[in-house]
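Asker: below are the sequence and a predicted model for it; my questions follow.
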Amino acid sequence: MGNTKVGHEADEDEGQAPVPTKARGPGRRLHGAVAHKLGTAILSGEYAPGDTLSGEVAFAEELEISRSAYREAVQVLTAKGLVESRPKAGTRVLPRNRWNLLDPDVLAWAFAGEPDIEFIRNLFELRAIVEPAAARLAAERRDKSDIKIMKEALAAMRRHTLATDAGRAADRDFHNAILRATHNDALMALTASIGAAVNWTTQFKQRSRALPRNPIPDHARVYDAIAAGDGEAASAAMRVLIDLALEDTRSAIKS
């Protein structure tokens, strides 16, 4: 793992943290920085399933943090299915099929380094299954409040563009609003995961260059169909949106 020291407080809610400089003491967010560092190492393959993490004392000394901060970070990883700790056996990385890959923090860690291409494809396959069906239900069940939220999110996307944090937040709000408009509790529970997938894949596409095309008109077609109550058109428009987003992502990977 090297001798990187954790010091700046992490933004635990976003799953990201600058990790460098000496720790100045414990704090609620310090263990978030440690969890980010370990989570990113696991998702990037630096630690493979079955590997044992450094011992508590050794790791705390290496990162110059308190042992309690390290233990709290491991608890975060345990809750997300990445590791398990056993007395005398230490902390071991679990098989990938145990990981909560749709957890927003885990998604953030996956995209903090160079994400696995197969994982990106898996995310788009999930979206292609869930979101067209959600758009169809949203067209059938949406109310005035749902339409208003989607319209405002679309306007913010146009105003800020997807090259900005504000524009990507609006994009996330747009997709979340569609899930909420289904008025299906099970689908609504996916908002954080789908929103995070949308956000991180969009950022990934812009790592080395600007977006190859403007995807906002694709979103407008989804909105128009939902507002018109046309479930078939909404589903078809969402499928096209996701297919084109995957095509853009593949282009970004090749560049």
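Answerer: Arrived safely. Numbers count the residues shown, from 1 in each chain.

Asker: the closest residue to Lys205 other than its chain neighbours: which element?
Answerer: Distances taken as Cβ to Cβ, 6 or more residues apart in numbering put Ala252 closest to Lys205, at 4.4 Å, once the chain neighbours are dropped. Just so you know, the C-beta spots here come from the backbone N, C-alpha and C atoms, and that holds for glycine as well. Counting by DSSP states H and E, the element that carries Ala252 is helix 231-254.

Asker: what about that helix, average pLDDT?
Answerer: Across helix 231-254, the average pLDDT comes to 90.

Asker: verify the contact between the residue nearest to Lys205 and Phe204 for me.
Answerer: Yes: the pair Ala252 / Phe204 is scored as a contact, 6.6 Å apart, by Cβ atoms under 8 Å.

Asker: buried sites along the worst-scoring helix or strand of the chain on mean pLDDT?
Answerer: The helix or strand of the chain with the poorest confidence is helix 56-63; it has a mean of 71 (mean pLDDT, DSSP states H and E). Of all the residues in helix 56-63, those buried under the rule 16 or more other Cβ atoms under 10 Å are Glu56, Phe59, Ala60, Glu62, Leu63.

Asker: for it, enumerate the helices and strands it packs against.
Answerer: Helix 56-63 is packed against helix 67-79, with contacts defined by 3 or more Cβ pairs under 8 Å, 6 or more residues apart in numbering; DSSP states H and E.

Asker: so which residues make contact with the helix it packs on?
Answerer: Identification of contacts with helix 67-79 by Cβ atoms under 8 Å, 6 or more residues apart in numbering yields 23, 26, 30-32, 34-35, 38-39, 42, 53, 56-57, 59-60, 63, 83-85, 91, 105.

Asker: buried set for that helix?
Answerer: Ala69, Tyr70, Glu72, Ala73, Val74, Val76, Leu77.

Asker: nearest to Lys144, of these?
Answerer: Val76 (40.0 Å; Cβ to Cβ).

Asker: and the closest one, how close does it get to Trp109?
Answerer: Here the criterion is Cβ to Cβ, to the nearest Å. By it, Val76 lies 11 Å from Trp109.

Asker: shared neighbours, the two?
Answerer: Listed as contacting both Val76 and Trp109 by Cβ under 8 Å, 6+ apart are Gly39.

Asker: elements contacting the helix holding Ala252?
Answerer: helix 117-141, helix 191-205, helix 216-227.

Asker: what residues does the shortest one touch?
Answerer: Judged by Cβ under 8 Å, 6+ apart, the contacts made with helix 216-227 from elsewhere in the structure are 135, 138-139, 142, 147, 150-151, 154, 157-158, 161-162, 171, 174, 178, 181, 231, 233-234, 236-238, 240-241, 244-245.
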